[in-house]
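S.K.: attaching a predicted model along with its sequence, questions to come.
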Amino acid sequence: MSESTAPVPSPGRAVDAPVPTGDRLAAAYLLGIADDAMVYAQRLGEWLTNAPQIEEDMALANVSLDLLGQARGLYAHIGELDGTFRSEDDFVMLRDEREWRNVQLVEQERQDFGFEMARLLWFSAYQVELYAAAADSSDEIFRAVAAKATKEVAYHHDHAHQWLVRLGDGTDESHERMQTALEAVLPYLAELFDDDPVSIAAAEAGAGVLPSSLHDAVVTRVAAVVEEATLTLPNDSRWRSRGGRQGVHSAPMGYLLAEMQHVARSHPGATW
Amino acid sequence: MVTTTRTAPGELEAAVGSIPDPEVPVVTIADLGILRSVAADETTGVVDVVITPTYSGCPAMEAITAHVSFVCRAAGWEPRVSTRLSPAWTTDWMSDDGKEKLRRFGIAPPTHTPAGGPVPVALGRRTVACPRCGSDDTVELARFGSTACKALRRCEACRETFDEFKTL
């Protein structure tokens, strides 16, 4: 491990920043993967006491916990790779909005339960394919985290699958609302499969997975569920969110961070 | 002259292996397959203990680490506890004795994982025997239970609800 004192990336300078190389490239790539899991874990945690039934409070909290664990498995490793030796708490509690690399899908505000199931269906399908492909990564920790998580995310996908069928093939109202939800998540999906400069370089270097290579398998997986649920996969969206992997986020992200980081920032170093 | 009183490595390993799981205290971390290795170095007095989580976010890992360290120190050893993710934990590592302890405690033990990884399972299609009366006539109530590793089921024969240790 190099002892070099790399400067901590400063907020607001990420867009169009040069693509790093070597270990820093792997770190930059894995940060997107970890941030996706962390931010969605935070959103899903909001369902505790808000889900339609207590079993679903438990279910979404459990999914959240799995995602939190996946993120934790990566952050300390990323801090070593990029030479900053930041801890998991440094990454999660002390980074500003522009330093986060998650896709905008996971930061969107919690809406109705149908929206959450549509988001979970897509995101879990994406993670199933991503973690399967990660088996070929040159990064040992990424391989281990992915191998560990692969059954977890398959279970999440199965959970969303069951709700899609129950709601889509349910009453007229549940069908209509589930269909609306599929349309509501649509603008945020393209970003999952965008080949940004860091992902392209990381895939070429052997550490990362090229996002666009996951697209067909994920769509096939989701389409099968949507059909079984008597729903229709909507046509491509008129506008698409962009920029999460470069640190550009939508309005809800700042509020999410404010809530998540408030205690850690107001009382630095506090323990209980 | 300082005399160190350490227990024998075999005894230490048995003591660490007998630590109960904090969430399901009827089984030990050895029964569950969470404890991967105990390597005691008699020259240095350091013992390397490797544990693995059942689920990525299992909140019990910190309690288990603390308990392992406590047991090692009490036995005169200096612990170094590390967490290893690979190879990923599977319920196939659970001992038969551990599964029987779970069943007697009222938790349906996991069955064997199908080859080729997880397959989508529709509601209630798997056969899980009731740990209380043994009937196979059970249904799933909730796929996520009181801990990350459990689901909730009900027996249609004796009408009892029970936890199922999910097969992973």
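M.R.: Great, that's in hand.
S.K.: buried stuff in stretch B:37-52?
M.R.: B:38, B:40, B:47, B:49, B:51-52 (16 or more other Cβ atoms under 10 Å in any protein chain shown). Every C-beta, even on glycine, is put in place using the N, C-alpha and C of the backbone.
S.K.: contacts only, for residue 78.
M.R.: Answering for chain A, as no chain was given. Counting by Cβ atoms under 8 Å, 6 or more residues apart in numbering or on different chains, A:Ile78 touches A:27, A:30-31, A:34, A:86, A:91.
S.K.: please go with chain B instead
M.R.: Counting by Cβ under 8 Å, 6+ apart, B:Glu78 has contacts B:44-47, B:72.
S.K.: what about the residue nearest to A:Asp169 when sequence neighbours are not counted, neighbour count?
M.R.: Using Cβ to Cβ, 6 or more residues apart in numbering or on different chains and skipping residues adjacent in sequence, the residue nearest A:Asp169 is A:Thr230, 4.8 Å away. By other Cβ atoms under 10 Å in any protein chain shown, the residues close to A:Thr230 number 14.
S.K.: do the one 5 residues further on as well
M.R.: Burial of A:Asn235, expressed as a neighbour count using other Cβ under 10 Å, amounts to 8.
S.K.: what residue is smack in the middle of chain B?
M.R.: B:Leu32 (2.8 Å; Cα atoms, centre = their mean).
S.K.: touching, it and B:Gly98? I think so.
M.R.: Yes - using Cβ atoms under 8 Å, B:Leu32 is in contact with B:Gly98, at 6.1 Å.
S.K.: so which strand or helix has the residue of the stretch 1-150 of chain A found nearest chain B?
M.R.: For the stretch 1-150 of chain A and chain B, the shortest gap (Cβ to the nearest Cβ) falls at A:Gly69, measuring 2.8 Å. For A:Gly69, the element it lies in under DSSP states H and E is helix A:54-81.
S.K.: could you do B:Pro79 as well?
M.R.: strand B:78-83.
S.K.: how about the residues of the stretch 151-272 of chain A that lie near chain B?
M.R.: Applying Cβ under 8 Å from any Cβ of the partner chain, one finds that the stretch 151-272 of chain A approaches chain B through A:151-152, A:154-155, A:157-159, A:161-162.
S.K.: now do 6 Å
M.R.: A:151, A:154, A:158-159 (Cβ under 6 Å from any Cβ of the partner chain).
S.K.: quick one: the residue lying closest to B:Met61 once chain neighbours are set aside from A:Ala133, how far?
M.R.: Once flanking residues are discounted, B:Met61 sits nearest to B:Pro53: 5.2 Å by Cβ to Cβ, 6+ apart. Distance of B:Pro53 to A:Ala133, given as Cβ to Cβ, to the nearest Å: 23 Å.
S.K.: wait, B:Val71 sits on B:Glu13?
M.R.: No - the criterion here is Cβ atoms under 6 Å, and B:Val71 misses it with B:Glu13 at 10.6 Å.
S.K.: before we move on, back to that, ok, the contacts of B:Glu78 vs chain A, which is closest?
M.R.: For the contacts of B:Glu78, the closest approach to chain A (Cβ to the nearest Cβ) belongs to B:Val46, at 22.0 Å.
S.K.: ok, now which ones touch the closest one?
M.R.: B:Val46 makes contacts with B:Glu78, as judged by Cβ atoms under 6 Å, 6 or more residues apart in numbering or on different chains.
S.K.: list phi and psi for it.
M.R.: phi -100, psi 140 (degrees, to the nearest 10).
S.K.: give me the pLDDT for the residue in the stretch 151-272 of chain A that chain B sits nearest to.
M.R.: Among all residues of the stretch 151-272 of chain A, A:Ala154 sits closest to chain B, at 4.4 Å; criterion: Cβ to the nearest Cβ. Model confidence at A:Ala154, given as pLDDT, is 96.
S.K.: from the contacts of B:Glu78, which land in helices?
M.R.: Using DSSP state H, the subset of those located in helices is B:Cys72.
S.K.: take the contacts of B:Glu78 and write them to a markdown table, including pLDDT.
M.R.: Converted to a markdown table, these look like this (pLDDT from 0 to 100):
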| residue | pLDDT |
| --- | --- |
| B:Thr44 | 95 |
| B:Gly45 | 95 |
| B:Val46 | 96 |
| B:Val47 | 96 |
| B:Cys72 | 97 |
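S.K.: next, give me the two most distant ones among the contacts of B:Glu78.
M.R.: Farthest apart among the contacts of B:Glu78 by Cβ to Cβ are B:Thr44 and B:Cys72. That separation is 13.0 Å.
S.K.: grab the most central residue of chain A for me.
M.R.: Nearest to chain A centroid, counting by Cα atoms, centre = their mean: A:Asp36, 2.3 Å.
S.K.: just checking, what packs against the helix or strand hosting it?
M.R.: Using DSSP H and E, A:Asp36 maps to helix A:22-45. With contacts taken as 3 or more Cβ pairs under 6 Å, 6 or more residues apart in numbering or on different chains; DSSP states H and E, helix A:22-45 sits against helix A:54-81, helix A:104-107, helix A:197-205.
S.K.: buried ones in that helix?
M.R.: Those buried within helix A:22-45 under the rule 16+ other Cβ under 10 Å are A:23-45.
S.K.: and for residue 156, the neighbour number?
M.R.: Since you didn't name a chain, this refers to chain A. 25.
S.K.: that's the wrong chain, I wanted chain B
M.R.: B:Glu156, neighbours per other Cβ under 10 Å, totals 12.
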